[in-house]
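S.K.: below is the sequence, then the predicted model.
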Amino acid sequence: MVLSVNSVSVSLGRSRIVNDIDCYLRAGELLMLLGPNGAGKSTLLKAISGDLPYVGSVRLAGRELGQWRPEWLARQRAVMPQRVEVNFPLTVEEVVRLGRPKTASVGSDPVVDQLMSELDIGHLRHRLVPALSGGEQQRLQLARVLAQIMDSPGDRLLLLDECTSALDPAHQQMVLELVHRLAKNQGIAVLAVVHDLNLAAQFADRLLVMKAGCLVHEGSAREVLTPDLLEAVYGFTARVIELDEGYPMVVPRRGGLPNAYLAPGNPSCRQAS
Ligand SMILES: Nc1ncnc2c1ncn2[C@@H]1O[C@H](COP(=O)(O)OP(=O)(O)OP(=O)(O)O)[C@@H](O)[C@H]1O
């Protein structure tokens, strides 16, 4: 198992934001984490990344997160947070190179070239980062993150927090096809927070759904993306169509936002800690 999360809870201030989560991730698996705004998805990802204190157990490749040396983590685990502010005057190519391990070649680096090409930023390689558009910045950050673990041996974990939120539909497709290929061809285990239900249906091996700090559903896209479950979790009504491609598509109904949408989350899940 690349990642095992057992009974993980996170409190921020006086509130318990993430409540008693269990999940696991095997090599080559693409797991997508869904849930309404404020459900606790980013907080869980930050705990798994070691960026927030938690109670419970997070094991990477069989060993507790805190027991790994930072050098091992830097080669085997890469994290793309929801927001990355880059205001310093480096070029696109220099930023991707920041992700490379110190042992990588100082001259031309095929991994850097390949990632810039696959993420469609090769033509921007000499451009200064503050002059990029939002979507270009997001593809650049993904390239930097992937550069970190691209040619590492052994178990690798990729944690992505809304890595396609700024992208147009073609680039969303491009990015998730790349991430899917890396999982399947290189055995990288991927945990990705997404809001786009149809991208999740298309690419995820398994879906996890969080609401009000708790894990409330887990299963395949066909099991999770049902009208009843979507209404219970998000409070909106939708049709779910089975596509010839072999995965479902969610079509929200216009005007299908009941008042329940604005109601607070399940109070039994998140309480003062
Ligand atoms: N430092 C903090 N102190 C108190 N509450 C916080 C803190 N940081 C986040 N929260 C709250 O924790 C809850 C979960 O936040 P989190 O960012 O994990 O949600 P999310 O599921 O990733 O949401 P989104 O889909 O909007 O990105 C939110 O209600 C947020 O306001």
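M.R.: Sure, I can see it.
S.K.: where do the helices sit along the stretch 51-200 of the chain?
M.R.: 70-76, 92-98, 110-118, 134-149, 169-186, 197-203 (DSSP state H, counting those that start in this stretch).
S.K.: tell me which of those lies nearest to the ligand.
M.R.: Nearest to the ligand, of all the helices of the stretch 51-200 of the chain, is helix 197-203, at 13.0 Å by CB to the nearest ligand atom. C-betas here are computed from N, CA, C, even on glycine.
S.K.: contacting residues around that closest one?
M.R.: Helix 197-203 is touched from outside by 30, 32, 34, 164, 172, 176-177, 179-180, 194, 207, 221, 225, 230, 245, 247-250, with contacts defined as CB atoms under 8 Å, 6 or more residues apart in numbering.
S.K.: residues near the residue nearest to T164 when sequence neighbours are not counted, how many?
M.R.: In space, and not counting its chain neighbours, T164 is closest to Q172: 4.3 Å by CB to CB, 6 or more residues apart in numbering. When neighbours are defined as other CB atoms under 10 Å, Q172 has 19 of them.
S.K.: what do you get for S9?
M.R.: The burial count for S9: 18, using other CB under 10 Å.
S.K.: if we can go back for a sec, need the contact list for the residue nearest to T164.
M.R.: Contacts of Q172 (CB under 8 Å, 6+ apart): T164, D196, L199.
S.K.: would you mark the buried spots in stretch 222-238?
M.R.: V224, L225, T226, L229, L230, E231, V233, Y234, G235, F236, T237, A238 (16 or more other CB atoms under 10 Å).
S.K.: contacting residues for the closest residue to the second one other than its chain neighbours?
M.R.: Looking back up the chat, that one is L225. Nearest residue to L225, sequence neighbours excluded (CB to CB, 6+ apart): P248, at 5.1 Å. Contacts for P248 (CB under 8 Å, 6+ apart) come out as A201, A221, R222, L225, V240, I241, E242.
S.K.: for the fifth one, what is the enclosing helix or strand?
M.R.: What it means is V240. For V240, the element it lies in under DSSP states H and E is strand 238-242.
S.K.: which is the next helix or strand following that strand?
M.R.: Downstream of strand 238-242 (by DSSP H and E), the next one is strand 248-252.
S.K.: buried ones in that next one, by neighbour count?
M.R.: So, applying 16+ other CB under 10 Å, buried residues of strand 248-252: P248, M249, V250.
S.K.: so stretch 21-33, near the ligand or not?
M.R.: No: Stretch 21-33 does not reach the ligand (CB under 6 Å from any ligand atom); its nearest approach is 8.5 Å.
S.K.: quick one: that stretch to chain centroid distance?
M.R.: Here stretch 21-33 is found 11 Å from its chain centre; the criterion is CA atoms, centre = their mean, to the nearest Å.
S.K.: for the residue nearest to D161 when sequence neighbours are not counted, give me the backbone phi and psi.
M.R.: Of all residues not flanking D161 in the chain, Q82 sits nearest, at 4.2 Å (CB to CB, 6+ apart). Dihedral pair for Q82: phi -60, psi -40, per degrees, to the nearest 10.
S.K.: what's the burial count for Q82?
M.R.: 14.
S.K.: report the contact partners of it.
M.R.: Here Q82 is in contact with S42, D161, E162, S165, V193 (criterion: CB under 8 Å, 6+ apart).
S.K.: turn the contacts of Q172 into TSV, columns for pLDDT and neighbour count.
M.R.: Shown next, in TSV, are the contacts of Q172 (pLDDT from 0 to 100; neighbours: other CB atoms under 10 Å):
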residue	pLDDT	neighbour count
T164	95	24
D196	96	18
L199	97	18
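S.K.: closest one of those residues to G38?
M.R.: Using CB to CB, D196 is the member of the contacts of Q172 that lies nearest G38, at 17.7 Å.
S.K.: ok, that closest one - contacts?
M.R.: T164, Q172.
S.K.: how much space between the residue nearest to T164 and A183?
M.R.: 17 Å (CB to CB, to the nearest Å).
S.K.: for Y54, same thing?
M.R.: For Y54, the distance to A183 - CB to CB - is 25 Å.
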